[in-house]
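Q: Quick one, fold the following:
(chains A and B)
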Amino acid sequence: MAYGTVNADVIGTSVAGSNLGAGNASMLKNRIINGAMVIDQRNAGASVTQTTTTLYPVDRWAIAGSVTSKFTAQQNAGSVTPPIGFVNYLGITSSSAYTVGAAEYFQVRQTIEGFNVADLGWGTANAKTITLSFQVYSSLTGTFGGSIGNNAGNRSYPFSYSIPVANTWTTVSVTITGDTTGTWLTTNGGGLWVYWGLGVGSTYSGTAGSWAGADYRSATGAVSVVGTNGATFYITGVQLEVGSSATGYEYRQYGQEFALCQRYYQSNRIVWSGQTTGAGQAFYAYSPFKVTMRSAPTGTITNESLAAMNAGSLTNSAVDSIRYDVTASGSNVNNYAFATINVSAEL
Amino acid sequence: MYKLIKDKITQETNVVQRLSDNSFIPMDEANTDYQEYLKWVAEGNTPLPAEEQA
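A: Coordinates of the predicted model:
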């Protein structure tokens, strides 16, 4: 009796012996959100100048520094050709030749919500190994640095990586043995803080490749991007996954990635219209969110258009909605208030 | 600088307004802007008081 040939497709994972559905499946393996730098709700591709306050040049990606205006950040800054398979990148450009002080830092980071890394088991004997991979391009060459740290800022793992050729995309992969000590949040707080150093002083720099009980943001001796006027540092294709080797970048559908970003930032239109009988009369309208947010968000009002109404305010912020409060400035048969409500629950 | 805001209905102070960007911050300890506000208060700073609501 003849038998046919059986062809089977195999779904690979980066972890030997793992089972689909056990947390290591090839679906939703990337814990980084907007790793391809596609979503930019706040700036629509415009440049952002770094300050001492955290800013978001693209969704979920934070920039900050100890001294203001030492670099700019922008989706697709410099308009170079992205690496194969990507359309966007986050571009950093140094604004001066700044000598970084010992207690100063300049950085790009993404903080991963604790719920999304709860399965890593960090802070326990069963801590899993992870691999961070990304594509990077710089006008500088040498050894660059970054770090992964916890929310309390008392555990961190500095890492280093090489950019051997200037102005060429380089693929980087860093494997990190999970931390078996320390406190790692598994809630809606900051689970993993992932940093890329752009110029970090000795207070925030540590030995690459080992865990430390400190708030390190980069590796000792790393290249300072802000140290060279006009230097560039571009990054995309960022993936953080369980396992000891990097696998192909996980492309998600645009709508899926956008919804993931909206847990941390979203904009919604709101309108109140009606009649008032006198100045000072108060009215309220709830703005429901498209996606449940990480926490009760901070709100700002833009594009406000008012007819016989005073500028509004926002109260009763919750994970599912916020309340827009307006008062009449006089009686009118066609009072109205239109506005865009921007809400942020970033980490 | 920050200013406290009262809820117009309940008259409870439940929002902090950050005057630098006119944002409204809920008093939720999971909100990172509120965490920054608490640090600012811990450094000895005092917000502007809430206005009485009509």
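Q: what's around A:Arg294, how many residues?
A: 23 (other Cβ atoms under 10 Å in any protein chain shown). Every C-beta, even on glycine, is put in place using the N, C-alpha and C of the backbone.
Q: can you tell me which residues contact it?
A: A:Glu113, A:Asn188, A:Arg263, A:Tyr264, A:Val319, A:Ala345, A:Glu346, A:Leu347, B:Ala30 (Cβ atoms under 8 Å, 6 or more residues apart in numbering or on different chains).
Q: Any buried residues in whatever helix or strand A:Leu306 lives in, and which?
A: According to DSSP states H and E, A:Leu306 maps onto strand A:298-307. Buried residues in strand A:298-307, counting neighbours by 16 or more other Cβ atoms under 10 Å in any protein chain shown, are found at A:Thr298, A:Gly299, A:Thr300, A:Ile301, A:Glu304, A:Leu306.
Q: ok, now stretch A:256-268?
A: Counting neighbours by 16+ other Cβ under 10 Å, stretch A:256-268 gives A:Glu257, A:Phe258, A:Leu260, A:Cys261, A:Gln262, A:Arg263, A:Tyr264, A:Tyr265, A:Gln266, A:Ser267, A:Asn268 as buried.
Q: Kindly report the same for stretch A:95-105.
A: For stretch A:95-105, by 16+ other Cβ under 10 Å, it's A:Ser95, A:Tyr98, A:Val100, A:Glu104, A:Tyr105.
Q: A:Ala285 bridge partners, please.
A: Beta-bridge pairing of A:Ala285 under DSSP bridges involves A:Tyr324.
Q: repeat for A:Ala62
A: Bridge pairing for A:Ala62 - DSSP bridges - gives A:Arg109.
Q: on that earlier part again, which two of the buried residues of stretch A:256-268 have the greatest separation?
A: Distance extremes for the buried residues of stretch A:256-268: the farthest pair is A:Glu257 and A:Asn268 at 18.8 Å, using Cβ to Cβ.
Q: hmm, back to that, sort out for me which of the contacts of A:Arg294 are in helices.
A: Using DSSP state H, no member of the contacts of A:Arg294 falls in helices.
Q: Which one of those sits in the busiest neighbourhood?
A: A:Ala345 (27 neighbours).
Q: what about it, distance to B:Asp33?
A: 9 Å (Cβ to Cβ, to the nearest Å).
Q: quick one: low-confidence parts of chain B?
A: B:53-54 (pLDDT under 70).
Q: list the contacts for the most centrally placed residue in it?
A: By Cα atoms, centre = their mean, chain B has its centre lying nearest to B:Val16, at 1.4 Å. By Cβ under 8 Å, 6+ apart, the residues touching B:Val16 are B:Tyr2, B:Lys3, B:Leu4, B:Ile5, B:Phe24, B:Ile25, B:Met27, B:Tyr34, B:Tyr37, B:Pro47.
Q: how about the residues of chain B near chain A?
A: For chain B, the residues in contact with chain A (Cβ under 8 Å from any Cβ of the partner chain) are B:5, B:7-9, B:14-15, B:17-18, B:21-26, B:28, B:30-34, B:53-54.
Q: in what helix or strand does the nearest residue to A:Gly201 once chain neighbours are set aside lie?
A: Leaving aside its sequence neighbours, A:Gly201 sits nearest to A:Ala102 (Cβ to Cβ, 6 or more residues apart in numbering or on different chains; 4.3 Å). Using DSSP H and E, A:Ala102 sits within no helix or strand.
Q: Check the offset of stretch A:57-74 from the chain's centre.
A: Centroid displacement of stretch A:57-74 relative to its chain, using Cα atoms, centre = their mean, to the nearest Å, is 12 Å.
Q: C-alpha coordinates for that stretch, CSV please?
A: The C-alpha trace of stretch A:57-74 is given here as CSV (Å, rounded to 0.1, in the frame of the first residue of the first chain):
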residue,chain,number,x,y,z
PRO,A,57,7.8,62.7,19.1
VAL,A,58,5.9,59.5,18.0
ASP,A,59,3.3,57.5,19.9
ARG,A,60,4.7,55.7,23.0
TRP,A,61,8.3,56.9,22.4
ALA,A,62,9.5,59.4,25.0
ILE,A,63,12.4,61.8,24.8
ALA,A,64,13.8,63.8,27.7
GLY,A,65,17.1,65.4,28.9
SER,A,66,18.6,67.1,31.9
VAL,A,67,19.2,70.4,29.9
THR,A,68,16.7,71.8,27.4
SER,A,69,17.1,72.0,23.6
LYS,A,70,20.1,69.7,23.1
PHE,A,71,18.3,67.6,20.4
THR,A,72,15.3,67.4,18.2
ALA,A,73,13.2,64.3,17.4
GLN,A,74,10.9,63.7,14.4
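Q: Please point out which parts of stretch A:315-325 sit buried.
A: Result for stretch A:315-325 [16+ other Cβ under 10 Å]: buried residues A:Thr315, A:Asn316, A:Ser317, A:Ala318, A:Val319, A:Ser321, A:Ile322, A:Arg323, A:Tyr324, A:Asp325.
Q: Would you agree the last one is in contact with A:Tyr286?
A: In this case it means A:Asp325. No. A:Asp325 lies out of contact with A:Tyr286 (Cβ atoms under 8 Å); the separation is 10.5 Å.
Q: Now for A:Ile341: which residues touch it?
A: A:Ser267, A:Asn268, A:Arg269, A:Ile270, A:Ser287, A:Gly299, A:Thr300, A:Ile301, A:Leu314, A:Ile322, A:Tyr324.
Q: got the angle between whichever strand or helix holds it and strand A:298-307?
A: Per DSSP H and E, A:Ile341 falls inside strand A:332-344. Counting by axes from the mean of the first three to the mean of the last three Cα atoms, to 10 degrees, strand A:332-344 lies at 160 degrees to strand A:298-307.
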